[in-house]
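[1] below are the sequence and a predicted model; questions follow.
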Amino acid sequence: MFNRFILLILLFFPISNLAISSEIKHLRVGVEAMNYYPVMDFTTPQHRGLLSDIMTDFGNSHNISFEFIPLPLQRFNHWFEDNAIDFRLPDNPRWTQSGTPGLIYGEALITVCDTSVVLTENSDMTMDEITKLGLLYGFTPSSKWRERRAEGTLTIANERSVRILTRMLLKGLVDAIDLNIATIKSEMVSLGLPEDLVSVAKNVPADGVKYRISTQSKPEVLAKLNHYVVENRESIDAKAREYGIAAGTNCDSLH
């Protein structure tokens, strides 16, 4: 009699329904096709960096598998319509290329201090002494340079990789690079050069850039991610320090 009762339950509640809570959801995340380690590097199948760690840890705790799709920055504002992605990472409503209708932005996963990196011998340079600034293609120049650019006393040299910008700095082709110092030091190591050849420009304010994630179609997942970030803020910031990333709210200005 007991076995018949169990059989009736299984007939009315198929195994597929009983197991649905454990099914893994697969979502696609559009990411920048560049090496910006240790913040992020999605240029190889073995994606690495802090943003990857945050998304993977969150996914593991919520039965979500994220597929990271490296995409070109020059098409950033078309990623959703061109590539059928669920999320765009990183994103920020202040970025000049981020204008996509109906976008929902999440909490800041991390706040990265974008410093002005110079040769160590030039660490006392002032903003006025910097006349040529290196910046990754697609990145929005900091507002602190707005007046200099309007006056025509500052030139922006845009390049597509941290490696090219690092070599330009070493050869004196630019005076400074506006990036997180950890990314430049990581590139120095990969080039077989001492990290201490480069330093943060002590007299140039650093800007805090909020690295957020956006979606058009998955607000329920975004809400869970927001909760995860708030609950794990201390451990995320600790991991940023392990990576050597200047992160948090200690930058001169936040965007």
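    Noted; the coordinates are in hand. Residues are numbered from 1 along each chain as shown.

[2] so where's the stretch 51-200 of the chain uncertain?
    96 (pLDDT under 70).

[3] one more time with 80
    96-101 (pLDDT under 80).

[4] just the strands in it please.
    64-71, 87-91, 104-105, 110-119, 132-136, 155-159, 176-179, 198-200 (DSSP state E, counting those that start in this stretch).

[5] and of those strands, who's closest to residue 45?
    Distance to residue 45, taken as Cβ to Cβ, is lowest for strand 64-71 among the strands of the stretch 51-200 of the chain, at 9.3 Å. C-beta: built from backbone N, CA, C; applies to glycine.

[6] check contacts around the residue nearest to residue 161 when sequence neighbours are not counted.
    Distances taken as Cβ to Cβ, 6 or more residues apart in numbering place residue 34 nearest to residue 161, at 6.5 Å, with adjacent residues excluded. Contact analysis of residue 34 by Cβ atoms under 8 Å, 6 or more residues apart in numbering lists 41, 43, 73, 136, 160-162.

[7] how about residue 47?
    Counted by Cβ under 8 Å, 6+ apart, residue 47 has contacts 31, 40-41, 68.

[8] quick check: chain neighbours aside, which residue is closest to the residue most central in space within the chain?
    Central residue of the chain (Cα atoms, centre = their mean): residue 90, 4.4 Å from the mean position. Nearest residue to residue 90, sequence neighbours excluded (Cβ to Cβ, 6+ apart): residue 211, at 3.9 Å.

[9] neighbours of residue 201, how many?
    25 (other Cβ atoms under 10 Å).

[10] nearest to residue 25, of the contacts of residue 34?
    Proximity of these to residue 25 (Cβ to Cβ) peaks at residue 41, which lies at 24.7 Å.

[11] I'd guessed the closest one sits against residue 49; true?
    Yes: contact criterion Cβ atoms under 8 Å: residue 41 and residue 49 qualify, at 5.0 Å.

[12] these two: who's more crowded?
    The residue with more neighbours, out of residue 41 and residue 49, is residue 41; 22 against 19, by other Cβ under 10 Å.

[13] next, give phi and psi for the more buried one.
    The phi/psi pair for residue 41 (degrees, to the nearest 10) reads phi -160, psi 100.

[14] what sits against it?
    Residue 41 touches 34-35, 47-49, 52, counting by Cβ under 8 Å, 6+ apart.

[15] next one: residue 39
    By Cβ under 8 Å, 6+ apart, the contact set of residue 39 is 49-51, 110, 112, 180, 182-183, 211, 243, 245.

[16] quick one: pLDDT of it?
    Per-residue confidence (pLDDT) for residue 39: 94.

[17] quick revisit: tell me the one of the contacts of residue 47 nearest residue 188?
    residue 41 (15.5 Å).

[18] bridging residues for the closest one?
    Here residue 41 shows beta-bridge partners residue 35, residue 48, assigned using DSSP bridges.
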